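Visitor: Here is the input, now give the coordinates:
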Amino acid sequence: MFRRSKTQEPAPSAPEPVSQPNRLAPRSPSEAIKPTAAPPPPEKPVRERGGLLSAVSGFLTLFVILGLGAILGIVVLERQTNEAGPLPADKVVVVPRSSVGEMAELLKREGVIAHPMLFELTARFGRKAALKAGEYNFKAHASIDDVVDVLVQGRPVQHAITFPEGLTSEQIVARLNDNDVLTGDINETPPEGSLLPDTYKFERGDSRQKILNLMRTKQREVLNQIWARRSPDVPVRTPQEMVTLASIVEKETGRADERPRVAGVFVNRLQKRMRLQSDPTIVYGLVGGRGTLGRGILRSEIDRVTPYNTYAIEGLPPGPIANPGRAALEAVANPSRTKDLFFVADGTGGHVFAETLEAHNRNVARWRQVEKAKAAADPGSTVGVDKVEPPPQADPAALPSRTSLPGAPMAYDGSDANGARSRAFDASEGTARDPLRNKTFDLNSPKTVPVLSQPRTAPGSR
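Guide: Residues are numbered from 1 along each chain as shown. Okay, the predicted model is just below:
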């Protein structure tokens, strides 16, 4: 009944043409030889960078830049620290204990450096050791590096003080007090003969007591060495007795070649139980550690009994009369083997020796002639090294004979009608070998020894 409607089907489309490979269109010969354009490159894929990777990369880059800058800065600083400094000549500067900055400013004021900041950088970061305070000698045109080295190594300027042989302990203490480079007070004057005369090195600020302690230590060392190798013939029983005899030898002669022979004279006298009769012992008995009279010995003083006056006592005095040096100790430990019992000045700074009293009297007569000639030529001159001059216009033959004396053949008590007084000095006093006048040994103190006051004379003398 009902007719099924047929669905209308689309009309068949025309078949799609089959793609054919590109076929080159015929070109002209000129076009055929022209190059064809290359296809464009493919686009790079876009990648998103993570935060951590970016930070690490930035830090590495910054580190490399800073490292290169630091190396460049170090090279520049190293060159500047090695450049010659502004100091025109060597200069000693006292650098107190202070900060690096204060040291830098001080060195700039003293003209040692020109750039305090560069000095601080070098001292703080260029050296591991700390800078040391002290007194330093900076060389001319020293670089900052040189200046820092001096302060790091800490080698201060070495001063020297020399004590000539024959000074008493009191005179040594006075010389130490006179030195303004040393500091501090001396506790007490050391015992006579306990110090070794020599040259001692010290730094600015060292104490005077330190030098004294060193002198005592050195004296003990030297004394022990010399005592161990002494001659068995020397009539001294203890090291202290050897020091005592050496101090007398030291004051009797300043000539090194005479010390063993002078020591031999005293040894011979001790062995024969003769009195030593040494002028310096008279002086020490009168003035003690002050050491010198400042004038000649009076006749009354020769006869005055003191514990040290070897004209009045037998044997050695109770202790040393000065601080002998190593040479005098050696001379006593090993004296010359002679038969000499007498000696007297020869007028030239030395002595002439004799075995007999008769020979000694002839030597004394010659000494008087020499001294008279010197006095006539130069009335203001000082006479022999350790002798006392007879009074002017006095007849030597009429004076009491003291020709047995090893040191002073004559003495004068001022009883002459002319009132003349001896112009001689005891020991080496008043001569070029006088340790109080000899300041050439002392490298530090330009000061001179103060004039000694006149000691009081005994009643009846003048």
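
Visitor: can we go C-alpha only for contacts and neighbour counts from here?
Guide: OK.

Visitor: what about residue 92, is that helix, strand or coil?
Guide: Here residue 92 is strand, with the state taken from DSSP: H, G, I helix; E, B strand; the rest coil.

Visitor: In this structure, what residue spans correspond to strands?
Guide: 91-95, 134-138, 159-162, 199-202, 342-345, 351-354 (DSSP state E).

Visitor: Tally up the residues packed near residue 244, please.
Guide: 25 (other C-alpha atoms under 10 Å).

Visitor: now it: how far from residue 221?
Guide: Separation of residue 244 from residue 221 (C-alpha to C-alpha, to the nearest Å): 17 Å.

Visitor: With residue 197 instead?
Guide: According to C-alpha to C-alpha, residue 197 and residue 221 sit 13 Å apart.

Visitor: More neighbours: which of those two?
Guide: Counted by other C-alpha under 10 Å, residue 197 and residue 221 do not tie: residue 197 has more neighbours, with 23 against 12.

Visitor: so what's that one up against?
Guide: With contacts defined as C-alpha atoms under 8 Å, 6 or more residues apart in numbering, the neighbours of residue 197 are 162, 163, 164, 165, 166, 167, 215, 323, 324, 325.

Visitor: Same question for residue 87.
Guide: Neighbouring residues of residue 87 by C-alpha under 8 Å, 6+ apart: 111, 112, 113, 139, 140, 141, 142.

Visitor: Helices of this protein, residue ranges please.
Guide: 29-32, 51-81, 100-109, 116-125, 144-153, 169-178, 208-228, 239-252, 259-271, 279-287, 299-303, 326-333, 357-377 (DSSP state H).

Visitor: what about those, which gets the closest to residue 345?
Guide: Residue 345 lies closest, by C-alpha to C-alpha, to one member of the helices of the chain: helix 357-377, at 6.5 Å.

Visitor: Tell me the helices and strands packed up against that closest one.
Guide: Counting contacts by 3 or more C-alpha pairs under 8 Å, 6 or more residues apart in numbering; DSSP states H and E, helix 357-377 is packed against strand 342-345, strand 351-354.

Visitor: Tell me which of the ones you listed is the most buried.
Guide: Among the helices and strands packed on helix 357-377, strand 342-345 has the highest mean neighbour count (mean count of other C-alpha atoms under 10 Å), at a mean of 26.

Visitor: Can you tell me the strand partners of that strand and which way each runs?
Guide: Here strand 342-345 has these sheet partners by DSSP bridges: strand 351-354 (antiparallel).

Visitor: neighbouring contacts of the partner strand?
Guide: So strand 351-354 is contacted by 258, 340, 341, 342, 343, 344, 345, 346, 360, 363 (C-alpha under 8 Å, 6+ apart).

Visitor: which one among the contacts of residue 87 gets closest to residue 301?
Guide: Ranked by distance to residue 301 (C-alpha to C-alpha), those are led by residue 139 at 58.1 Å.

Visitor: Excluding chain neighbours, what is closest to that closest one?
Guide: Once flanking residues are discounted, residue 139 sits nearest to residue 90: 4.4 Å by C-alpha to C-alpha, 6 or more residues apart in numbering.

Visitor: isn't residue 101 right next to residue 121, touching?
Guide: No: checked against C-alpha atoms under 8 Å, the pair residue 101 and residue 121 is beyond contact range at 9.9 Å.

Visitor: Can you tell me which helix or strand of this structure has the lowest average pLDDT?
Guide: Least confident helix or strand of the chain, by mean pLDDT, DSSP states H and E, is helix 29-32 with a mean of 70.

Visitor: Next, the contact list for the residue positioned nearest the centre of the chain, please.
Guide: Taking C-alpha atoms, centre = their mean, the centroid of the chain lies closest to residue 201, which sits 2.7 Å from it. The neighbours of residue 201, taking C-alpha under 8 Å, 6+ apart as the test, are 158, 159, 160, 161.

Visitor: Look up the residues forming beta bridges with it.
Guide: residue 160.

Visitor: What does the pLDDT read for the closest residue to residue 116 other than its chain neighbours?
Guide: Excluding its sequence neighbours, the residue lying closest to residue 116 (C-alpha to C-alpha, 6+ apart) is residue 104, at 5.0 Å. If you check residue 104, the pLDDT there is 92.

Visitor: Appreciated, that's everything.
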